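Q: Curious how this folds, go ahead:
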Amino acid sequence: MRIDPAGRPAPQTDLLSLVIPVYNERESLAPLFAEIDEAVRGLGVRTEVVFIDDGSRDGSWETIRELAAADPRVRAVRFRKNFGKAAALAAGFARAGGGVVMTLDADLQDDPHEIPRFLAAVKAGTDVVSGWKKIRHDPWHKVFPSRVFNRLVSRVTGVRLHDHNCGFKAYRAEVVREVRLYGEFHRFIPVLAAAEGFSVGELVINHRPRKFGRSKFGARRFVKGFLDLITVKMLTGFGRRPKHFLGTFGLLAFAAGTVGTVVFLFLAALALADYWPRMTVFPIGLGLVLSVLAMTVGVQSFLTGLLAEFALARTATDDPYRVAELLPEPPAEVK
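A: Now for the predicted structure:
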């Protein structure tokens, strides 16, 4: 068995891995798997379906157990509690053994019959293929903020996609093994992949109306997405050289503060020697205080950049989730 540099078995080129996060999707799981089974027939590759139960409380895990018992292609992970979609995808990626890894949502809005098109696009040479829900069957209060957010992400990051947050994506195995997910970064995987030099493409997909469950969209998600966008921009722009950003800002602030301090000290001396109107002493003093503050901020930013450089080499690699159960169950000695 070949081993990759991280110590994991090398991807199996004849295996397609489908990673599906699940959160209270009991009613849609069996129909979804049936559609997947229909879609992958005749593709000429083996298939595995990795369900990640992200703390469901509606009986989703029991349904996944039944699917796993009936079909050996089903693998699954159950979290102790809800850790979020990024953690679920990270767990799925860690257990996916295929040369191509696809993700899709469990709510049946993503059409599994699109799988062959995505697989063909990856095999044609695109490292990341992202879905575009050009015609969406969602309420306007979900569609409009999403479009605004997608345009903002495209402009800020330079990765031009119409639908960054679409759950239907396909990746070459090397992508999911190199991109590290945590927090809410699942919607920025194409951006993170592009920063590592992988190619990114897009395919229009068939988006279907929701049949079961309810949307997880909310105002908090939009706010979190904007905050994460700032973080991603910093990581992809200066993630491996934080001192360049913080150090540059620190030096500029220190230089401006130094010049301001010299100028305002000179003006203060003129004012005290009656060469300058006394009424200007207060604004001169205020300017002097602000200049000293700028120097202080500059020194702190520079030192923070140095500390960030040291911390970069010690970045935590712990998994952002905790597993309660696996299917199929591992041997007793490794449980």
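Q: what's the spacing between residue 156 and residue 329?
A: From residue 156 across to residue 329, the span is 44 Å (C-beta to C-beta, to the nearest Å). No exception for glycine: its C-beta is placed from N, CA and C like everyone else's.
Q: The two: who's more crowded?
A: Per other C-beta atoms under 10 Å, whichever of residue 156 and residue 329 has more neighbours is residue 156, with 15 against 9.
Q: Toward the C-terminus from whichever strand or helix holds that one, list the very next helix or strand.
A: Taking DSSP states H and E as the definition, residue 156 sits inside helix 140-157. Once the chain leaves helix 140-157, the next helix or strand it forms, by DSSP H and E, is strand 169-172.
Q: Name the residues of the helix or strand following that next one that are buried.
A: Later in the chain than strand 169-172, the nearest helix or strand by DSSP H and E is helix 173-178. Within helix 173-178, the residues that count as buried by 16 or more other C-beta atoms under 10 Å are 173-177.
Q: Helix 173-178 - what's its average pLDDT?
A: In this model, helix 173-178 has a mean pLDDT of 92.
Q: Report the distance from it to the chain centre.
A: Relative to the centre of its chain, helix 173-178 is centred 13 Å away, using C-alpha atoms, centre = their mean, to the nearest Å.
Q: Show me what it is packed up against.
A: Packed against helix 173-178 by the contact rule (3 or more C-beta pairs under 8 Å, 6 or more residues apart in numbering; DSSP states H and E) you find strand 98-103, helix 189-195.
Q: could you dump those to TSV with distance to residue 204, mean pLDDT and mean neighbour count?
A: Shown next, in TSV, are the helices and strands packed on helix 173-178 (distance: least, C-beta to C-beta, whole Å; pLDDT from 0 to 100; neighbours: other C-beta atoms under 10 Å):
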stretch	distance to residue 204	mean pLDDT	mean neighbour count
strand 98-103	16	96	25
helix 189-195	16	90	23
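Q: Rebuild these as TSV, extending it with distance to residue 15.
A: Below are the helices and strands packed on helix 173-178 laid out as TSV (distance: least, C-beta to C-beta, whole Å):
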stretch	distance to residue 15
strand 98-103	4
helix 189-195	20
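Q: What strands line up against the strand of greatest length in the chain, and which way round?
A: The residue-count maximum for a strand in the chain (DSSP state E) belongs to strand 12-22. Within its sheet, strand 12-22 is paired with strand 46-53 (parallel), strand 98-103 (parallel), according to DSSP bridges.
Q: buried sites along stretch 49-57?
A: By neighbour count on 16+ other C-beta under 10 Å, the buried set for stretch 49-57 is 49-56.
Q: With distance to residue 17 added, can I get the strands paired with strand 12-22 in TSV?
A: Shown next, in TSV, are those (distance: least, C-beta to C-beta, whole Å):
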stretch	distance to residue 17
strand 46-53	5
strand 98-103	3
